[in-house]
Structure formats: C-alpha cells, structure tokens
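Novice: Quick one, what's the 3D model for this:
(one chain, ligands or ions: 1)
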Amino acid sequence: MPSEAIRTSPIIKLVIASGNAGKVNEFQHLLAGLNLAIESQPDGLDVEETGSTFAENARLKAVAVASATGCWALADDSGLSVRALGGAPGVHSARYASSDPSRISRLLQELEGAQDRSAEFTAALAVADPSGSVRLEVEGICAGLILPKPRGSGGFGYDPVFFVPSTGLTYAEMDKGLKGRIGHRGKAFVQLEPQLRSLLDG
Ligand code: IMP
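Specialist: Numbers count the residues shown, from 1 in each chain. Got it, this is the predicted structure:
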C-alpha cells in the first residue's frame, strides 16, 4: 500500500512562453507559491506576434509553446500605450527600437514638448494545456506617467520612465513585491492564480 507521500501528484511543468528574461524573472516571483516546475521556453522557438491585440498575441504564444513542448504554457503579451502617441508603441513595444535604452530614447524624443504624458501598461496572459488548447485568459492594466528622464535601476524595458503616481516611484524604483502587487503583470496574475490552481488541481 503506497504511503501518502508516494501518492502525492507529480509536480507539473509550466513553460513560460517568453524569451524575455525580465518577464521570466517576474513570473518566477509571482508563481513561487504554486507547486510548479517553471521553465523558460526552448532556445530558438521564436513565435511571430501577428495579432493586433495583446490578448491575441498572448494566445498565439501560449498555443505555439504548449504545442512545441507538450507542456502547460503561460504566455504574456504586454506593452506600453501612450495617450499622446495615439496608443503607441502598444503591441509594438518590443519592436519600437533594438534595445531597452534605445526604446526609451525614442519614446522620450517622441514625447518632447508633450503636455499629456499619461500612459498605461497592459499585460494579457494566456495559459494553454499540453495539447495546445487555450484554457485561461486574463488582462491587467496599470496607469501611470512617462517621466522626462529615467529614474531607478531595477526591472527591465521601459521601467525607468514609467512612474506610478500612487506610489511616487517608477517601476524601476520598486522592489519585485510592490511591482507584483500594483503592476500590470501582477494585476493580471491575481486574476489568473486561483483559476490556474483549480485547473491544475483538477
Ligand atoms: P512582448 O510582450 O514580448 O511583445 O514584449 C513587450 C515589450 O513591452 C517588452 O519588450 C518591453 O519592452 C515592454 N514591457 C512589457 N512589460 C514590461 C514591464 O513590466 N516593464 C517594462 N517594459 C515592459
């Protein structure tokens, strides 16, 4: 007769469908309370983001990575939408320039002289099961302002210029716990977590 310990279910593998080290790092923190083996997506698996919305791209990535690996996959498509730029860079946030510093320079240049510096970060999350079917989808938004100069050294991407008035800090000045509570990815994750737990338990 197997003991309770032997009968406990095996740890489920969850592949983070992203090649972005900053995102993977944040998910490792957010997912720490779940009994999952977290892995990054395999090298060389580049999914084309052809969707016109964050949600569409998140679905594309989750399905592609689950189908390629045969594992559960969690995808995040996220980006920064700036009001004075008509919502740009939006779904093109990663493709706005070739590196984080040049993406920030371009953004600050385009906003030179702008009165309205309001912006929002969006994260669309999608979970696909090992057969490649999308099982969960959520979205989180965080409103803020684009500062004229970068501040802080943490995080990644546009973090040093994204200021959240309620905290008095840029994303790059926040610790992982605070960004995880008030940030776009954290807000999406709060909705996802209970659903993910029951899906994986069932
Ligand atoms: P994608 O979701 O892979 O298309 O890339 C989204 C892009 O948006 C990233 O490369 C970053 O430039 C930016 N981005 C997404 N989330 C964050 C964040 O939490 N902080 C700063 N930049 C972000």
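Novice: buried set for the helix or strand hosting residue 194?
Specialist: Using DSSP states H and E, residue 194 falls within helix 184-201. The neighbour-count check on helix 184-201 (16 or more other Cβ atoms under 10 Å) flags 184, 185, 186, 187, 188, 189, 192, 196, 200 as buried. Every C-beta, even on glycine, is put in place using the N, C-alpha and C of the backbone.
Novice: Same check on stretch 168-175?
Specialist: Those would be 169, 170, 171, 172, 173, 174, for stretch 168-175 by 16+ other Cβ under 10 Å.
Novice: Go back to those residues and keep what's next to the ligand.
Specialist: By Cβ under 6 Å from any ligand atom, the members of the buried residues of stretch 168-175 lying near the ligand are residue 171.
Novice: what would the buried residues of stretch 168-175 look like in a markdown table with pLDDT, secondary structure and distance to residue 78?
Specialist: Shown next, in a markdown table, are the buried residues of stretch 168-175 (pLDDT from 0 to 100; DSSP: H, G, I helix; E, B strand; the rest coil; distance: Cβ to Cβ, whole Å):
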| residue | pLDDT | secondary structure | distance to residue 78 |
| --- | --- | --- | --- |
| 169 | 98 | strand | 19 |
| 170 | 98 | strand | 17 |
| 171 | 98 | helix | 12 |
| 172 | 98 | helix | 16 |
| 173 | 98 | helix | 19 |
| 174 | 98 | coil | 16 |
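Novice: got the contact list for the residue of the chain found nearest the ligand?
Specialist: Residue nearest to the ligand within the chain: residue 157 (2.3 Å; Cβ to the nearest ligand atom). Going by Cβ atoms under 8 Å, 6 or more residues apart in numbering, residue 157 touches 22, 80, 93, 100, 103.
Novice: Sitting in strands, which of those residues do you find?
Specialist: Judged by DSSP state E, these include residue 80 as members of strands.
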